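> Give me a 3D structure for the following:
(2 chains)
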Protein chains: 2
Amino acid sequence: MANGVSKAEELAQGTQSISIAEFFERNRHLLGFDNKRKGLLTAVKEGVDNALDACEEADVLPDITVEIHEISGDKYRLVLEDNGPGIVKDEIPKIFGKLLYGSKFHQLKMQRGQQGIGISAAVMYAQLTTGKPARITSKIGPDEPAKYFELKIDTETNEPEILTERERDWPNKDHGTRIELDLIGSYARGRQSIDEYIRETAIINPHASITYLNPRGKQRMLVRGTEEKPPETDAIKPHPYGVEIGAMQKMAERTDASTVNQFLKDDFTRVGRKTAKSILEKAKLKDRKKPRNLTRNDVEALINAVQDTDIMMPPTDCIAPIGAETLEQGLKKEINAEFYASTTRKPSVYRGNPFLIEASLAWGGELEEDGLCNVLRFANRVPLLYQRGACAATKGIQNTNWRNYNVSQSTGSRPKGPMTILVHIASVWVPFTSEAKEAIAHYPEILKEVKLAVQSLGRDLKSYLNRKNKVKEELKKRRYIKTYIPHIAEALADLNELDEDHTTTLEERLKTLLEQDRGEVEDIDFDPDANDEYDEELAEMGR
Amino acid sequence: MANGVSKAEELAQGTQSISIAEFFERNRHLLGFDNKRKGLLTAVKEGVDNALDACEEADVLPDITVEIHEISGDKYRLVLEDNGPGIVKDEIPKIFGKLLYGSKFHQLKMQRGQQGIGISAAVMYAQLTTGKPARITSKIGPDEPAKYFELKIDTETNEPEILTERERDWPNKDHGTRIELDLIGSYARGRQSIDEYIRETAIINPHASITYLNPRGKQRMLVRGTEEKPPETDAIKPHPYGVEIGAMQKMAERTDASTVNQFLKDDFTRVGRKTAKSILEKAKLKDRKKPRNLTRNDVEALINAVQDTDIMMPPTDCIAPIGAETLEQGLKKEINAEFYASTTRKPSVYRGNPFLIEASLAWGGELEEDGLCNVLRFANRVPLLYQRGACAATKGIQNTNWRNYNVSQSTGSRPKGPMTILVHIASVWVPFTSEAKEAIAHYPEILKEVKLAVQSLGRDLKSYLNRKNKVKEELKKRRYIKTYIPHIAEALADLNELDEDHTTTLEERLKTLLEQDRGEVEDIDFDPDANDEYDEELAEMGR
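Numbers count the residues shown, from 1 in each chain, chains lettered A, B, ... in the order given. Below is the predicted model:
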C-alpha cells in the first residue's frame, strides 16, 4: 500500500475523546430512556429510588410525592418531592448535573442506587427532549433556607451549567428535596407503566407513603402499612475471594497500611490475624513487606494463596431481607389467590459480594388459568419492569423443572398455570445487565439461589395441589357412591320388604356410614373473601 | 429531624466523581466481560471487528490472524494481527489505553465499531484479570519502523500508562497492527463460542481471510471467497427528523455557519435551499439570524417546523447491504437444507438514522425437525451471539404470525420446525441494547422492517411447503390408483378375453394414461449433495 503512511495519518486526524455525557446522550436507551413511554417511567423511577435511599440513610419514614402533569401533547412536567435529609448547596449541581457522581459507587452497601448516573440522566433526557433546565429545591434543616437551582448538563464536558441559583422559602417543610423536570414522554396504564411501578414500589416498601398524581388528574394516596423501617445495613469491605489481580494491585497501591499483613487485615472483610498469616505463608511473602512494593507476581501469589485459604464468607448483616411474611402480605395485597407460599434463602456470595434471594408464589383464585405464569422481579426493593427475558430471576424460574411439582411447562419456558412468582434479590452490589438496571446478570451463584428458592415454593405448591387433588378425587368417589345409595337402599328395602319411611331412614344411615367411614372432607373451594389483605384498588392500579 | 443539617453534610462527605474506566471496571459485564468464557470471546470480537473496520477504511482486503494460546489453567494469551493501515505512534496509547476514545463515535457511518470502548475494554479486562500490560506493535508503511508499546489503563483517571515504548523490526510486513493480551478466560466449543464467532464472521465477510489457531492447537484457514470488497460507504450528517431539541441547541451553539439558513443547509442532510426556506417560514424565524442567538423557544419552533415539513428521507448510499445472493450463499455454506429464501429490504429510517434489514431462511434437509427455529443475527457484518431474547431481530420473528405460512408457533414464541433464519441490520448507527453490542434495541421502525423481511421469507416458504404438500398428495393418489390398475386391467382382460401379454400391455397403457393425465411429478425429495456451497468443515466449526 503506497499510501499507508498517509492513510494512518489521515485516520489519526479524526480521533478524539468522548465525554461520558455525550456517550450516554447518544446511547440513552442504555439508561432506560429508549422511547417516550419508557423515558417518563425511568425519570420517575430514578427520582423515587433516590428519595427512598435518602430517607433510609437519614433514618426517616419516607413521605414521597410524585406528580405528572401533561403540559401539551407529549410534553409532561414531572414533580418529585421527598422528606429526605436534603442536599447541601455545593453538592446540588454535581448530583443533578454530572453523570457518574455520587457517594454510592465506591460503597459496597445494600441500596437502590449504586452508580451515580440515574437522576442526572433524567436531567439530561429532559434537556435533550425539551431544552428546559431542571429545577431543584433542597432544604437541609428547619432553620436553614431552601436552596433553589435551575441547571443543565454541559454534555461536552459532563459538568453542571448553573442558570439560576438563589434562596427560597419553603414553608411547612423541615427538610427534603423537590425536583421538577419538563420532558417528552407518553403515559399509558397497564404492564410496564408508571402506575405499575408505583404500585409495586408501595408493595415492596410498606414503610413508605406515596402520593401519586397521574396525568389524568387522578390522585392516589398509598399510605404506609407499617411504621417499622427496614433494618439499617452497613457498607462492607471487599471479600478476598471476589478480588481479581488488577483490583488488588490497585488496592495495594492506594492503601494506608504500611505492611502487607496490615493491608490484608485492614482493607478486606473476614481477614483476621490468623488468616492473614496463612495467606502470606502460602504466598511466600514477608509480613512486613510494603504493599506498594508488591510486584505483579507477588500479587498473583497473594491471589492464588487466597483461593487456597479457607476464609469465612462475608458478613451478611449488610443485607436486609424483606422477609417471607412481608413478601407474602405484599403478594396478598395485589393478588387474590387460593394458595400462597414464601421463602427467604440464607445469604450467599457471588464474586465476593453477599446477596440473598427471597421468593413468593400465589396460585389459583382470581389468577388467570391460561398462559405462562407471571413474574414480579425486585432488586434491593426496586421493581424491575423491563427486560424480563434477560433476567436471572426469570432464568432461574425457567430452569426449574416444574413438572416435578405437577405444573405444566415446556422445557426452558416459564411454567404454565394460574400463578404469579415474586423474586427479590438483595445485595451490596446488584449486578445489572445494563445501566438502566432492568435485569439481573446471570451469575451462576445467583441462578442457583433463585432456583433453590423457587424449588422450595414448588414443593409447597405441589403438596397443596396434591391435597386439592385428593379432595377432588374423594368428592368424586363420594358423588359416585351417593348416586348408588338410593338404589342400594331400594334394593335392601325390597329384600326386607320395608316401607317408604324405613327406606329413607336406611338411605340416611348409609350416607352417615359413608361419611364416618371416609371422614370429613377439607373445604378447598376458593373463597374470594378469605384474603383480608387484598386491596382491590391497589390491584387495579397496574392493570 | 434535629440533625438534619449534619446528616446532609455527613452525606456530602462521601460523594465523589467516578472515572468512566472505574465504572466499567466494576461493571465489566456491561461491556461483555461477564465471565471467563464470554471475556475471552469478547476480547477476540473487539479485536477482529476493529481489524476489519481498519482494513475497510484503508481499502485493503483483510488478512487477519487470531491465535489463542493456553498459558496455564485458565490463563490465555490472545494474539491478533491484521494488515490494516496501522496506527500512528501518538495515537496508539490512547486507542488502546483509554475508554471512550476514537474516531467512530462522532461519525454517522456504517462500521462495526461505533463507541470507542471495545478494544480498550479488552486491555482493561486483561490487566484486571492477570495484571499484565497489553503489548501492541503497529507499522504504518513499508519504509517506517514498527512501533512497540507495553501499556495499561490507569482506571482512576482513564488515561494510558505507558510501561515500554520502542521501535521494533517487523520483517515481511508492510503495514498492520498486532496486539497481545494475557487474560483469564475459558475456551469451549459450541454455541456462543469463539469458533462460532469466527465461522459466522467469515460467512458474513466473504472478502476476509482469517487464520485461526484455537487453544487446542488446531489451525484453520478461512480463505476469502471473493476479491470483491464491500462497497465503500460515507459518513452522513444527521437528518432533521431525528434531531431533538437539546441536540439542535447544541448544534446551533457549535456550528460554523453564520446564519440559521446556512446552519440548516450545512449541518443537516437533505436540507436544500427550498427546504430551509420552508422550515424557517413555518418557524417564523429570519433567514439571517445568527445560530448562537437562537433561544430555546426558537429551537423548539424549528423542531416543530421540521416535523411539519416534507423532507426527503436520508440518502441510503451510506449503507451497504450484503445482498440477498451473498446472504443465501452464506447460509448454504453452513446449512444443508432443502429450501432457501432471501430478501433485502429498502433502507428505512429510525430517529433520523438510515438502516436496512436483510434476511435469509433455510428450511428442512439436515436441519433438526424438533424445537424452535434457530436465529442467526448480524449487525453491520458482525455476528451477535448473546442476548438473543432481548434482540429486535428475534422479536420481529416472534411477532410474525407463522401459522399464516403453515409453520407451527405458540403465540409470541419463535416458530417451530427445521428452520434457520438469518437477520442482518446495516445502519450508520446500530442502536444496541448495551455497550457489549449483543442485541438490537426495539425501535418500532426496526421491528417493522424485520417483520416485513421475515414475512416475505414466510410467503416464499409457504408456497414451497404448499408445492411440497401437493406433490405428496399427488404421489399418494397415484400410489392409490396404481394399486388398482392391475385389478382394472385384469377385469378388462376378463371381459374382453385377452391373453396375458395383452393384459400387461393394457396395464402399461393405463399407467401411461394416468401419467399423461396427471402430468409429471416434481422431485421434492431432499438431495444432500445438491448444495454445492455446503462446507462441512465450516459447518462443523461452531458445533
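> Show me which helix runs longest in chain A.
Longest helix of chain A, by residue count under DSSP state H: helix A:444-496.
> avg pLDDT for it?
Helix A:444-496 carries an average pLDDT of 86.
> measure the residue nearest to A:V382 when sequence neighbours are not counted to B:L31 for me?
Spatial nearest neighbour of A:V382, excluding adjacent residues (CB to CB, 6 or more residues apart in numbering or on different chains): A:R112 at 5.0 Å. Just so you know, the C-beta spots here come from the backbone N, C-alpha and C atoms, and that holds for glycine as well. From A:R112 over to B:L31 the distance is 23 Å, taken as CB to CB, to the nearest Å.
> now A:E70
Counting by CB to CB, the separation of A:E70 from B:L31 is 39 Å.
> For the stretch 251-400 of chain A, just list every one of the helices.
Under the criterion DSSP state H, counting those that start in this stretch, the stretch 251-400 of chain A contains helices at A:260-267, A:273-282, A:296-308, A:324-334, A:392-399.
> With chain B as the reference, name the closest of the ones you listed.
Proximity to chain B (CB to the nearest CB) singles out helix A:296-308 among the helices of the stretch 251-400 of chain A, at 4.3 Å.
> And chain B, is the closest one touching that?
Yes. Helix A:296-308 is in contact with chain B by CB under 8 Å from any CB of the partner chain, via A:296, A:299-300.
> which helices and strands does that helix pack with?
If you count contacts as 3 or more CB pairs under 8 Å, 6 or more residues apart in numbering or on different chains; DSSP states H and E, helix A:296-308 packs onto helix A:245-254, helix A:273-282.
> would you turn those into CSV with mean neighbour count?
Converted to CSV, those look like this (neighbours: other CB atoms under 10 Å in any protein chain shown):
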stretch, mean neighbour count
helix A:245-254, 19
helix A:273-282, 17
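> which stretches of chain A have low pLDDT?
A:1-5, A:514-520, A:542-543 (pLDDT under 70).
> domain ranges for it?
Under the assignment automatic domain parsing, the domains of chain A span A:20-222, A:240-308, A:316-543.
> mind giving me TSV with those and columns for distance to B:K277?
Compiled in TSV, the domains of chain A are given as follows (distance: least, CB to CB, whole Å):
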stretch	distance to B:K277
domain A:20-222	24
domain A:240-308	58
domain A:316-543	41
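> Kindly compare burial across those and name the winner.
domain A:20-222 (a mean of 21; mean count of other CB atoms under 10 Å in any protein chain shown).
> starting at the chain centroid, how far to that domain?
Its chain's C-alpha centre and that of domain A:20-222 lie 19 Å apart, by CA atoms, centre = their mean, to the nearest Å.
> Quick one: end-to-end distance for it.
Using CA to CA, to the nearest Å, the end-to-end distance of domain A:20-222 comes to 37 Å.
> Equivalent analysis for stretch A:434-454, please.
End to end - CA to CA - stretch A:434-454 spans 25 Å.
> right, is that stretch up against chain B?
Yes. Applying CB under 8 Å from any CB, one finds stretch A:434-454 touching chain B at A:434-435, A:441-442.
> now that stretch, how far from the chain's geometric center?
Distance, centroid of stretch A:434-454 to centroid of chain: 11 Å (CA atoms, centre = their mean).
> so which helix or strand takes in A:D34?
Following DSSP states H and E, one finds A:D34 outside all helices and strands.
> Report the contact partners of it.
If you count contacts by CB atoms under 8 Å, 6 or more residues apart in numbering or on different chains, A:D34 has them with A:28, B:441-442.
> can you list the residues of the stretch 151-300 of chain A near chain B?
Those residues of the stretch 151-300 of chain A that sit near chain B, judged by CB under 8 Å from any CB, are A:155-156, A:174-175, A:184, A:244-247, A:249-250, A:296, A:299-300.
> Could you rerun that using 10 Å?
A:152-156, A:158, A:174-177, A:184, A:235, A:244-250, A:253-254, A:295-300 (CB under 10 Å from any CB of the partner chain).
> List the contacts of A:K98.
By CB atoms under 10 Å, 6 or more residues apart in numbering or on different chains, the residues touching A:K98 are A:20-21, A:116-117, A:120, A:123-124, A:151, A:153-154, A:157-160, B:17-18.
> Go again with 8 Å.
A:K98 sits next to A:120, A:153, A:158-160, B:17 when contact means CB under 8 Å, 6+ apart.
> right, and out of those residues, which lies closest to A:K468?
The shortest gap between A:K468 and any of those belongs to A:S120, at 52.3 Å (CB to CB).
> right, and that closest one touches A:G113 too?
No. Look at A:S120 against A:G113 with CB atoms under 8 Å: they stay out of range, at 11.1 Å.
> what sits in contact with each of the two?
Counting by CB under 8 Å, 6+ apart, nothing touches both A:S120 and A:G113.
> related to what we said a few turns ago, just give me the closest of the contacts of A:D34 to B:A305.
Taking CB to CB as the measure, B:A305 lies nearest A:R28 of these, at 24.2 Å.
> Against B:L30, how distant is the residue lying closest to that closest one once chain neighbours are set aside?
Take A:R28 and drop its neighbours on the chain: the residue closest to it by CB to CB, 6+ apart is A:Y125, 6.2 Å away. To B:L30, A:Y125 is 19 Å away according to CB to CB.
> re earlier: which one of the domains of chain A lies closest to B:G365?
Set against B:G365 and scored by CB to CB, the domains of chain A come closest in domain A:316-543, at 24.7 Å.
> wait, what's in contact with A:N469?
Counting by CB under 8 Å, 6+ apart, A:N469 has contacts A:N406.
> What residues does the stretch 301-450 of chain A have near chain B?
A:387, A:389-390, A:410, A:429, A:431, A:433-435, A:441-442.
> if we take these, which one ends up nearest to chain B?
Nearest member of these to chain B, counting by CB to the nearest CB, is A:G389, at 3.9 Å.
> In contact with the closest residue to chain B within the stretch 151-300 of chain A: list those residues for me.
Nearest residue of the stretch 151-300 of chain A to chain B, counting by CB to the nearest CB: A:G246, 3.4 Å away. A:G246 is in contact with B:25, B:124, B:127-131, counting by CB under 8 Å, 6+ apart.
> Determine which two of these are furthest apart.
Distance extremes for the contacts of A:G246: the farthest pair is B:E25 and B:T130 at 14.3 Å, using CB to CB.
> phi, psi of A:T177?
The phi/psi pair for A:T177 (degrees, to the nearest 10) reads phi -140, psi 140.
> Which residue, other than its chain neighbours, is closest to it?
A:S138 is the one closest to A:T177 (CB to CB, 6+ apart), at 4.4 Å.
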